[in-house]
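Engineer: Build me a model from this:
(chains A and B)
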Amino acid sequence: MADTINQATRKGFLVDTSRCIGCRSCQVACKQWNKTDADITSNKGTFENPRDLTPALFNRIRFVESEASGAVSWQFLNERCMQCGDAGCMKVCPSPGALYRTKDGIVAYNKEKCISCKYCVSACPFNVPRYDANDKVSKCNLCQSRIEGGMTPACAKACPTESLKFGNRSQLIAKATAAKKTLYGENDLLGLGVVYALEGPPEQYGLPAKPSIPMSIFLWKDVIKPLGILGFWGSIGAMLLHYVTIGPKKIDDETGKGDGHE
Amino acid sequence: MSNYIERFSTSERVLHWIVTASFFTLLLSGLGLYSRLFNGYFNLFGGGQNAILVHKIGGVIFFCSSIYMYLNHKKDVSTFDQDDKAWVEKRGGYLSRDAAHFNIGKYNPGQKLFALYVAAATAVLGVTGVFIWAPTLFPRWIVQISLLTHGLMFVGSIMFVIVHVYLATIGNPGTIDAMLYGDVKRGWAKKHHPKWYKETTGENP
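Structural biologist: Numbering: from 1, shown residues only, chains lettered A, B, ... in the order given. Alright, predicted model coming up:
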């Protein structure tokens, strides 16, 4: 909640979907660098594979097939943790340091501090966090170790078409805006760390048009939590006040003819 | 003639304190989950992961004992009569220093309301707790609503419990005896539950 991001130095991705050829080099490079196991998948009549993010798959290409006036259009979307400026996962995480913001503005995580509550799974606006076999959170952290070593994330390094561009977020956005690209995620959720240049409406790519932290999660953390604390102390205060103003109902004498509060 | 009459049997008292113990176990193990502000409470259990485990075990004990307690007292706490209506109209006399007399049976409407709330909260907290327990097995929206509802019902519970503890101890001297030793003084019974006193002893209060 109260984590602050220096927007001037914030790092991020600009994903230009028009340049993506669906080669999935990003998927492969990610698995290689992060040393994640292969997932066993099955053919479901599409080239999209795997069909969803897994604890061992931090980014993947979503294949969007559509038909317009007889012609088939094929679009690709690199799907991953969006590194939200206002991150639902960080908002709900009860374990300090399990999910945290780096100086580059990235939502990083420490599995050793994860207490396996899975609140982040419910709070993510994009349904990204997955839990591994040890019941710990796993997701894309933009190759935190590479960034800190001055390198680009593995996926961006491997991308042959520069569809995935990594760098200073505001510079990437400025360049894309100058090129008259339609951007997604520039300002939503205090700006996504992964900004898209889309060729169509977000819904076409399976993205929420107005991404936001789920309403129930907002009510839980920003309304019920503070009001609950107020209610707790308010109840104790009310009881004490009752005791010293109106007072207890005492039993007058052993015959039980007690009369009110005297 | 003994100056005391029995209000709660041994089994009723033991059951009540099992519910109480599991409630406070759930409270302490759940505080750290309620907000990062209370992260320190995890230390009582040796870390968050253990606290979650304790919360799950405590939850099962609380759910079973609390539902059992409700079923045992269902008839007493879910029927309201005309005397109860008079009590409600004057808020049980709790908002004034003036003497008030009500012809109340074993439980007054406030106690009944508390019992009904606890029963409902137990059911809701139990069901939502299952969804939160294994969130990946259920649709996300169900788990999201559950997290919200679980927090809301907890807040209601702790507020009710504060009132319950106050009224059963310093707010009404003599009341706690009923839950500690099972017996209350005749004077207490005549004052607070005259109709019940008559039913139990056959004497006019």
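Engineer: Grab the nearest non-local neighbour of residue A:164.
Structural biologist: residue A:156 (4.5 Å; C-beta to C-beta, 6 or more residues apart in numbering or on different chains). Quick note: C-beta positions are derived from backbone N, CA and C, even for glycine.
Engineer: distance of that neighbour from residue A:193?
Structural biologist: From residue A:156 across to residue A:193, the span is 13 Å (C-beta to C-beta, to the nearest Å).
Engineer: Which neighbours do these two have in common?
Structural biologist: Common neighbours of residue A:156 and residue A:193, counting by C-beta atoms under 8 Å, 6 or more residues apart in numbering or on different chains, are residue A:13.
Engineer: Give me the residue ranges of chain B where confidence is low.
Structural biologist: B:1 (pLDDT under 70).
Engineer: could you pull out the strands for it?
Structural biologist: Counting by DSSP state E, one finds strands in chain B at the ranges B:4-6, B:183-185.
Engineer: Kindly report the residues of the stretch 51-200 of chain A close to chain B.
Structural biologist: For the stretch 51-200 of chain A, the residues in contact with chain B (C-beta under 8 Å from any C-beta of the partner chain) are A:92-96, A:115-119, A:121-123, A:127, A:131.
Engineer: Could you say which of those residues is surrounded by the most neighbours?
Structural biologist: residue A:122 (30 neighbours; other C-beta atoms under 10 Å in any protein chain shown).
Engineer: can you give me the strands in the stretch 151-262 of chain A?
Structural biologist: For the stretch 151-262 of chain A, the strands defined by DSSP state E, counting those that start in this stretch cover A:164-168, A:182-184, A:194-198.
Engineer: from those strands, which stretch is densest packed?
Structural biologist: Among these, strand A:194-198 has the highest mean neighbour count (mean count of other C-beta atoms under 10 Å in any protein chain shown), at a mean of 23.
Engineer: on contacts alone, who are the packing partners of that one?
Structural biologist: Packed against strand A:194-198, as judged by 3 or more C-beta pairs under 8 Å, 6 or more residues apart in numbering or on different chains; DSSP states H and E, are the following elements: strand A:11-16, helix A:169-178, strand A:182-184.
Engineer: Check the offset of the last one from the chain's centre.
Structural biologist: For strand A:182-184, the separation from the chain centroid amounts to 19 Å (computed by C-alpha atoms, centre = their mean, to the nearest Å).
Engineer: and the residue nearest to residue B:117 when sequence neighbours are not counted, how many residues sit next to it?
Structural biologist: Nearest residue to residue B:117, sequence neighbours excluded (C-beta to C-beta, 6+ apart): residue B:160, at 5.7 Å. Neighbourhood size, residue B:160 [other C-beta under 10 Å]: 16.
Engineer: hang on, the earlier thing: winner for burial among the helices and strands packed on strand A:194-198?
Structural biologist: Using mean count of other C-beta under 10 Å, strand A:11-16 ranks as the most buried of the helices and strands packed on strand A:194-198, with a mean of 25.
Engineer: In its sheet, which strands sit next to that one, and in what direction?
Structural biologist: Next to strand A:11-16 in the sheet, as set by DSSP bridges, lie strand A:164-168 (antiparallel), strand A:194-198 (parallel).
Engineer: between the helix or strand immediately after it in the chain and strand A:164-168, how many degrees?
Structural biologist: Using DSSP states H and E, the helix or strand that follows strand A:11-16 in sequence is helix A:25-34. Relative orientation of helix A:25-34 versus strand A:164-168 (axes from the mean of the first three to the mean of the last three C-alpha atoms, to 10 degrees): 60 degrees.
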